[in-house]
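Got a predicted model here, sequence first, then my questions.
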Amino acid sequence: MAKIERCEILMVDLVPKVRRTDAIQSFDSQETPIVRITDTDGVTGTGYSYTIGQGGAAVMSLLRETLVPRLIGKDAETIEAIWQDLLFSTHATAVGAITSLALAAIDTALWDLRCRKAGLPLFRLLGGAKNNVPCYTTEGGWLHIETEDLVKDALEAKANGFAGSKIKIGRPHVSEDRERLAAVRKAVGPGYEIMVDANQAFSRAEATRRARMLEEFDIGWFEEPMPADNVLEHARLAASTSVPIAVGESMYSISQFKDYLVCGGASIVQVDVARIGGITPWMKVAHMAEAFGVPVCPHFLMELHASLVCAIPNAPWLEYIPQLDTITQTGLRIENGRAWPSEAPGLGIDWDWDAIGKARIDGLSWTSN
């Protein structure tokens, strides 16, 4: 029984390759807290989470001051017990983004450690439902991008084997969103999936108005139409439109997903492994969604989510937004628009420690001994 002997936390701040804007914000950095956990057998597991440019220092402080000290001496195999202990130790700050992001960095490191000791890739250790998954791309659909460039990106994605594109909506008037979507639909034809994302920008009235417009273009889903904490309004919207309603990236507990599923407010669950608090709760949400007959299409973090969606049967899509290219040696394998999780033991992320060492923010990094 190997015990946790040493922990290291470090922060890198990554610059996205493209400008990213949506209906409520733009972001130019991806703060990436990284946790390394080593046990008494000398095996190390690496985990991580992220922010979109704010709150990273708070995540690192919570890790350093509260969570990491509780790990030393624990049996690294007792992942569920550790997750529950850490969650309870932060009950005064949970449920919330900072706590979940810190928990996720630890939990993913523990799963990486378990996989490495078992000699198995994550997607096989968790179930191995399939060995690849189709991708849709978001990188060419940001709100600031002009219509002709939206069309160009969607056509390029289709030519490369991608089966869908996501377009950000939330221009000042519904007619502007209609014009953009009409141009893309005309270019790609009826067999290519188009998803849209409002990033919580609308009131119920405006979401209803936009949903009527979206029905014209056979939209795959309407993502985050309203603030995520308004469960009842999402259920009412879902009942009023034929467009599937997708939610989840701005939810931070299993119970929040339960409420959505029970009331019918989520046609598609977009649980984010970092924002839910790690692989341990992610899998619970995924299986709960399966019981309700609801698909899981996770938000962001494609390098890690590739393994998770291939572990379960009810995950039809992976979102293509590269995050880790500058700090990994080999990227996620994508062929003809499909992602293939790594067969190497662990999370399947080939970290470039030289690059990480150069990018680390020393004032936010720390080692337990």
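Yep, it's here. Numbers count the residues shown, from 1 in each chain.

contacting residues around Arg36?
By Cβ atoms under 8 Å, 6 or more residues apart in numbering, the residues touching Arg36 are Cys7, Glu8, Ile9, Leu10, Thr44, Gly45, Thr46, Ala109. The C-beta positions use only the backbone N, C-alpha and C, and glycine is treated the same way.

would you list every one of the strands in the stretch 1-150 of the chain?
4-14, 20-21, 26-27, 30-39, 44-48, 133-137 (DSSP state E, counting those that start in this stretch).

Least confident of these, on average?
Ranked by mean pLDDT, the strands of the stretch 1-150 of the chain bottom out at strand 26-27, with a mean of 80.

Sheet partners, orientation included, of that strand?
strand 20-21 (antiparallel) (DSSP bridges).

how far does stretch 86-100 stretch from start to finish?
End-to-end distance for stretch 86-100, by Cα to Cα, to the nearest Å: 10 Å.

List of residues touching it?
Outside stretch 86-100, the residues touching it (Cβ under 8 Å, 6+ apart) are 55, 58-59, 62, 66-67, 70, 102-103, 106, 252-253, 255-256, 274-277.

Mind doing that once more with 7 Å?
55, 58-59, 62, 66-67, 70, 103, 106, 252-253, 275-277 (Cβ atoms under 7 Å, 6 or more residues apart in numbering).

and if you look at stretch 254-263?
With contact meaning Cβ under 7 Å, 6+ apart, stretch 254-263 is reached by 231-232, 234-235, 247-248, 251, 266, 269, 271, 281, 284-285, 288-289, 292, 294.

Make a ChimeraX selection of whichever of these turn out to be buried.
Restricted to buried positions by 16 or more other Cβ atoms under 10 Å, the ChimeraX selection for the contacts of stretch 254-263 reads:
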select :231,234,235,247,248,251,266,269,271,281,285,288,289,294
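
Please flag which of the contacts of stretch 254-263 sit within strands.
Using DSSP state E, the subset of these located in strands is Val247, Val269.

Inside helices: which ones of the contacts of stretch 254-263?
Among the contacts of stretch 254-263, DSSP state H puts Val231, Leu232, His234, Ala235, Pro281, Lys284, Val285, Met288, Ala289 in helices.

Please name the residues that touch Ser242.
Counting by Cβ under 7 Å, 6+ apart, Ser242 has contacts Glu215.

No further questions, thank you.
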